[in-house]
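Novice: Here is a sequence together with a model predicted from it:
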Amino acid sequence: MTKMFQRPAEFILLLGLVIALPLFEAPKNLLWGAWIITWLYLRIRDKDYGGAWDIWDSLIVMWIASGYVVAAFAGLHDSEWGGANDILRYGSILWALKRSGYGEKEFRWLIVTVIISTLIALGVALWSMYVSHSRWTLEFHSVGHVNHSAIYLAISYGIALAAVMAFWGRLGWVWRVAGLLAVGVFTAGAFISLSRGAVGAMLVLTFFMSLAWSRKSKAIAAITMAMLITTMSIAYFGQMAVVTKYQSRMAADDVLSQRGEIWNVAVEAWKRYPLFGVGMTNYNQISMERVQQWVEASGRTYVASNYLSYAHGHSLYFNTLAERGLFGLGVLVMLLSAWFYGLLRYLPGVHAENMAWMLWGGSFSAWLVTVGAGTVSTTLHHEHAILSMLMLGIWLAYLGRRMRHQDVSKV
């Protein structure tokens, strides 16, 4: 296997990181550090840093630096510097992948490894739920809370779906069956998780993937749309638990499951520290006593039932607003907007190669789940942020490789 890759030791460390990501806590962090150090050593040795500096490099550096700027001016003090390291971790992965110079063999290995490691993590989580009964919700060992595990699962679903759709015509029947099983198992896992945000993001993702694929193959697009309709019909008419959960919340006039009250807390924190927020990972320091002081100091009446204490903002946007203020939110919006623009600008054409479609689909999946599920869940942190940056990074690496060879017709 080592002869297959340009820099074998470096790439094997990255594969190890991808395997450990949903499964093992300590090895994941050790492998990240080892990969980054090896990456830097080999680039310095070879004097090859992946091409000229571009706007994406500036944006990534700005994003990483923003966490430390926020920490320096944070309104509350607890773990804001450690929180900033989270952006450093997945931001460095994005930057290193973008400039990695990896080729199609590496891209294929990364995609397959993501799918296999997620399948293993899902299998362990299902065993813990239904056999050992050590957990009562679907949780990946290294990802944690069911909502975050569901987010990771939704991104992996999109990656697997993109791989199957892109290479369907070249796959043998064994690989076709394996690919469809992976997509089906990920779908079932998301429904078992009961995470409405993740399930909703997956359904929306499938719809837009089908629309995009109509440029490449109307037959595959139609089959994908039929699968979506079938899944939705089975879920609704079969009254699956995630559907009844939504219906019960509707009946109780609590569709957001008290997220409105959680978001009110985030808004009060932002009002108190509008520019830089309370500091990354300091959301749990926003006590109800502090909220009451802030509200009353502004001349308003504090109504306890309007607020709910929680460990995070239960939304990418409200959490970022509270923890990083307008400055941090502005940098995040710039990054997500640039990502979306790139996906639109380089949507593969009808004659684009299969690799372009697969990597575009994986990157689009990460973006849509991050942005879509992020409305009601705190996406883009820790494990699912690393997975998202992995997909964005290899997509940018692929684009950079094609552009350096002036082969943009294949993108």
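Specialist: The structure has been received and is ready for your questions. Residues are numbered from 1 along each chain as shown.
Novice: Show me the strands in the stretch 251-400 of the chain, by range?
Specialist: In the stretch 251-400 of the chain, no strands are defined using DSSP state E, counting those that start in this stretch.
Novice: all helices of it, in order?
Specialist: With DSSP state H, counting those that start in this stretch, the ranges of helices along the stretch 251-400 of the chain come out as 259-272, 288-297, 316-345, 354-373, 382-404.
Novice: so residue 185 touches residue 125, yeah?
Specialist: No - Residue 185 is not in contact with residue 125 according to C-beta atoms under 8 Å; the separation is 11.6 Å. (C-beta placed from N, C-alpha, C; glycine too.)
Novice: So which of the two has more stuff around it?
Specialist: Set side by side, residue 185 and residue 125 show more neighbours around residue 125, with 24 against 18, by other C-beta atoms under 10 Å.
Novice: Could you find the closest non-adjacent residue to the more buried one?
Specialist: Excluding the flanking residues, the one nearest residue 125 by C-beta to C-beta, 6 or more residues apart in numbering is residue 138, at 5.1 Å.
Novice: So what's the residue count around the one you found?
Specialist: 22.
Novice: That one and residue 387: what is the separation?
Specialist: Applying C-beta to C-beta, to the nearest Å, the value for residue 138 to residue 387 is 17 Å.
Novice: Could you do residue 262 as well?
Specialist: In this structure, residue 262 and residue 387 are 25 Å apart, going by C-beta to C-beta.
Novice: cool, residue 240 as well?
Specialist: 26 Å.
Novice: So between those two, which is more surrounded?
Specialist: residue 387 (29 against 16).
Novice: and that one, what is it in contact with?
Specialist: Contacts for residue 387 (C-beta atoms under 8 Å, 6 or more residues apart in numbering) come out as 21, 114, 152, 155-156, 366.
Novice: go with 7 Å
Specialist: Counting by C-beta atoms under 7 Å, 6 or more residues apart in numbering, residue 387 touches 21, 152, 155, 366.
Novice: Hmm, residue 388 and the third one touching each other?
Specialist: Yes - using C-beta atoms under 7 Å as the test, residue 155 is close enough to residue 388 to be in contact (6.4 Å).
Novice: shared neighbours of those two, anything?
Specialist: Common neighbours of residue 155 and residue 388 (C-beta under 7 Å, 6+ apart) are residue 366.
Novice: Tell me which of those two has more neighbours.
Specialist: Neighbours were counted for residue 155 and for residue 388 using other C-beta under 10 Å; residue 155 has more, 31 against 27.
Novice: For the helix or strand hosting the more buried one, what does the pLDDT average out to?
Specialist: Using DSSP states H and E, residue 155 falls within helix 146-167. Regarding helix 146-167, the rounded mean pLDDT is 95.
Novice: Quick one: residues in contact with the following helix or strand past that helix.
Specialist: Next in sequence after helix 146-167, counting helices and strands by DSSP H and E, comes helix 173-193. Residues outside helix 173-193 that contact it (C-beta under 7 Å, 6+ apart) are 115, 119, 122, 138, 146, 149-150, 153-154, 156-157, 160-161, 163-164, 168, 171, 198-199, 202, 231, 235, 240, 242.
Novice: Just the C-alpha atoms of helix 173-193, please, in CSV.
Specialist: What follows is helix 173-193, C-alpha atoms only, in CSV (Å, rounded to 0.1, in the frame of the first residue of the first chain):
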residue,chain,number,x,y,z
TRP,A,173,-22.5,-5.4,-8.8
VAL,A,174,-20.8,-6.3,-5.6
TRP,A,175,-19.6,-2.7,-5.1
ARG,A,176,-23.0,-1.4,-6.1
VAL,A,177,-24.7,-3.5,-3.5
ALA,A,178,-22.2,-2.5,-0.9
GLY,A,179,-22.6,1.2,-1.7
LEU,A,180,-26.4,1.0,-1.6
LEU,A,181,-26.2,-0.9,1.7
ALA,A,182,-24.0,1.8,3.2
VAL,A,183,-26.4,4.6,2.1
GLY,A,184,-29.4,2.6,3.4
VAL,A,185,-27.7,1.8,6.8
PHE,A,186,-26.8,5.5,7.2
THR,A,187,-30.4,6.5,6.5
ALA,A,188,-31.7,4.0,9.0
GLY,A,189,-29.2,5.2,11.6
ALA,A,190,-30.3,8.8,11.2
PHE,A,191,-33.9,7.8,11.7
ILE,A,192,-33.0,5.8,14.8
SER,A,193,-31.2,8.8,16.2
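Novice: list the buried ones in that helix?
Specialist: Neighbour-count burial for helix 173-193, counted by 16 or more other C-beta atoms under 10 Å, picks out 178-179, 182-183, 185-187, 189-193.
Novice: re the thing from before, ranking the contacts of residue 387 by neighbours, who comes first?
Specialist: Neighbour tally across the contacts of residue 387 (other C-beta under 10 Å): the maximum, 31 neighbours, falls on residue 155.
Novice: contacting residues around that residue?
Specialist: Per C-beta under 7 Å, 6+ apart, neighbours of residue 155: 365-366, 369, 384, 387-388.
Novice: how much space is there between it and residue 9?
Specialist: Separation of residue 155 from residue 9 (C-beta to C-beta): 27 Å.
Novice: hang on, the earlier thing: now, the most widely separated pair of the contacts of residue 155?
Specialist: The span of these, defined through C-beta to C-beta, is set by 365 and 384 at 11.5 Å.
Novice: What about the residue nearest to residue 4 when sequence neighbours are not counted, how many residues nearby?
Specialist: Setting aside the residues directly before and after it, residue 4 is nearest to residue 105 in space (C-beta to C-beta, 6+ apart), at 5.6 Å. Applying other C-beta under 10 Å, we find 12 residues neighbouring residue 105.
Novice: For residue 105, which three-state class applies?
Specialist: helix (DSSP: H, G, I helix; E, B strand; the rest coil).
Novice: That one against residue 8, yeah?
Specialist: No - at 11.3 Å, residue 105 does not count as touching residue 8 under the criterion of C-beta under 7 Å.
Novice: Tell me the secondary structure at residue 53.
Specialist: Of the three states, residue 53 takes coil according to three-state DSSP.
Novice: Phi first, then psi, for it.
Specialist: When read as degrees, to the nearest 10, the backbone of residue 53 gives phi -70, psi 140.
Novice: give me every residue that touches the closest residue to residue 392 other than its chain neighbours.
Specialist: Spatial nearest neighbour of residue 392, chain neighbours left out: residue 363 (5.4 Å); criterion: C-beta to C-beta, 6+ apart. Applying C-beta under 7 Å, 6+ apart to residue 363 gives the contacts 343, 391-392, 395.
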